[in-house]
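> quick one: sequence and predicted model below, then my questions.
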Amino acid sequence: MTRKPLALITGAAQGIGYACAEALIQDGFDVILADINGDGVARAGETLGALAAITCDMGDVSQIEALFARIAADHGPLHALVNNAGVAMPGDFLDYDLASWERVIDINLRGVFLATQMAARAMVEHKIAGAIVNMSSINAQVAIPAIPAYCASKGGVMQLTKTAALALAKHNIRVNAVGPGSIDTEMMAGVNANPDAFRVAMSRTPLGRAGTAREIGDVVAFLCSDKASYVTGETIYVDGGRLGLNYTC
C-alpha cells in the first residue's frame, strides 16, 4: 500500500489552520495537527481524522524540538509543512511592552524559522521534494499602528520565505507564503461584532466581503500540490483586492 504524503499544520485547532488541514486531507494528505490549545487540537484531530493531534507552543524552542522529534519517531519525514500558528497582541505603540513584542516574534517568526529548518533537514535527508507554506499577512506590506510586533513579524516571514526558497531550491523544496486580508475568523471577531468597524474594513476591500478560512486553505493546498511545482519564494495575497486599492470612497 502506497503511503500518503504527510503534512504538519501548526495553529490547527480552529480557523485558518483547521481549514488548511481540511483542504490537505481532501487532496490526499495524512495530516498532523499542532496547537497550543490541547483540548481544541484534540477535538479538531478527531473531527478531521488526523493522523495525530499534538499540543505545542510554537513560541517555545524545546516544545518545537519535541514536536519534530515525535513526528520523526512516530510517522517519519514530512512532505509538507504549513506554518500557520500566530498571535497579534495589540497595544499602543508608545506603551507597547517588550514581553508582548518578544512573544509575538517568538511565535510568528522564530517559530516559523525553526519549524522550516527542522522540516527541511528531514526532507533533504530523505530526498523528499517537499513544500513549505508560511502564513504571512497583508500586514507584511501595509501596517496597523496598534499591532507593531505582528506587522514586523509578518514582514519578516515574507523575507524568510524568500531566503528559505533560495536556500532550499537545490534540494527541490519549495517555500511560499500566503498573505490573508480580512478573513472571517476568531481574530476578526471584534471587527465583525462592530458594524462601524466592519464597514471600515469592507470599505478597503474591493470585493466587499470578508474572506473565509477555507479560501485561505485552498490556496495553501494549491501551494503544497504539484500544480504549484514551479512556484517558490512567493507570497500570494488572498485579500479581496485590498493591497491594490489606492483610495476609499
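Good, I have the coordinates. Residues are numbered from 1 along each chain as shown.

> could you look up the SS state of R209?
coil (DSSP: H, G, I helix; E, B strand; the rest coil).

> got the phi and psi for it?
phi -150, psi 160 (degrees, to the nearest 10).

> what of the one 10 residues further on?
When quoted as degrees, to the nearest 10, the phi and psi of V219 stand at phi -70, psi -40.

> T205 now?
Torsion angles, degrees, to the nearest 10, at T205: phi -120, psi 100.

> one more: P77?
Dihedral angles (degrees, to the nearest 10) for P77: phi -70, psi 150.

> that one - how many residues pack around it?
Residues near P77, counting by other C-beta atoms under 10 Å, number 18. C-betas here are computed from N, CA, C, even on glycine.

> next, the buried residues of stretch 171-189.
Neighbour counts over stretch 171-189 (16 or more other C-beta atoms under 10 Å) mark 173-185, 188 as buried.

> from those, which is closest to G244?
Checking those against G244 with C-beta to C-beta, the nearest one is G181 at 10.9 Å.

> ok, now which ones touch that closest one?
138, 205, 211, 237-240, 242-243 (C-beta atoms under 8 Å, 6 or more residues apart in numbering).

> and I236, how many neighbours does it have?
19.

> so it sits against A228, correct?
No: between I236 and A228 no contact is recorded; they are 9.4 Å apart, counting by C-beta atoms under 8 Å.

> anything in contact with each of those two?
N176.

> what segments of this protein are strands?
6-10, 30-35, 52-55, 80-83, 131-135, 174-180, 235-238 (DSSP state E).

> does anything pack onto the last one? Which helices or strands?
Right, strand 235-238. strand 174-180, helix 213-224 (3 or more C-beta pairs under 8 Å, 6 or more residues apart in numbering; DSSP states H and E).

> residues contacting the last one, please?
Okay, so that is helix 213-224. By C-beta under 8 Å, 6+ apart, helix 213-224 touches 7, 15-16, 18-24, 26-27, 29, 80, 82, 131, 133, 174, 176, 178, 180, 183-185, 228, 231, 236, 238.

> might you calculate how far stretch 207-225 sits from the centre of the chain?
Put simply, stretch 207-225 sits 12 Å off its chain's centre (C-alpha atoms, centre = their mean, to the nearest Å).

> again, but for stretch 27-36
With C-alpha atoms, centre = their mean, you get 13 Å for stretch 27-36.

> now the end-to-end length of it.
Counting by C-alpha to C-alpha, to the nearest Å, you get 26 Å between the two ends of stretch 27-36.

> and the buried residues of stretch 171-189, which is closest to E102?
Distances from E102 to the buried residues of stretch 171-189, taken by C-beta to C-beta, are shortest for A177, at 22.3 Å.

> verify the stated contact: that closest one with V231.
No: checked against C-beta under 8 Å, the pair A177 and V231 is beyond contact range at 11.0 Å.

> what about the helices in the protein?
In the chain, the segments counted as helices under DSSP state H are 15-26, 38-48, 61-74, 98-105, 111-125, 148-168, 189-192, 195-203, 213-224.
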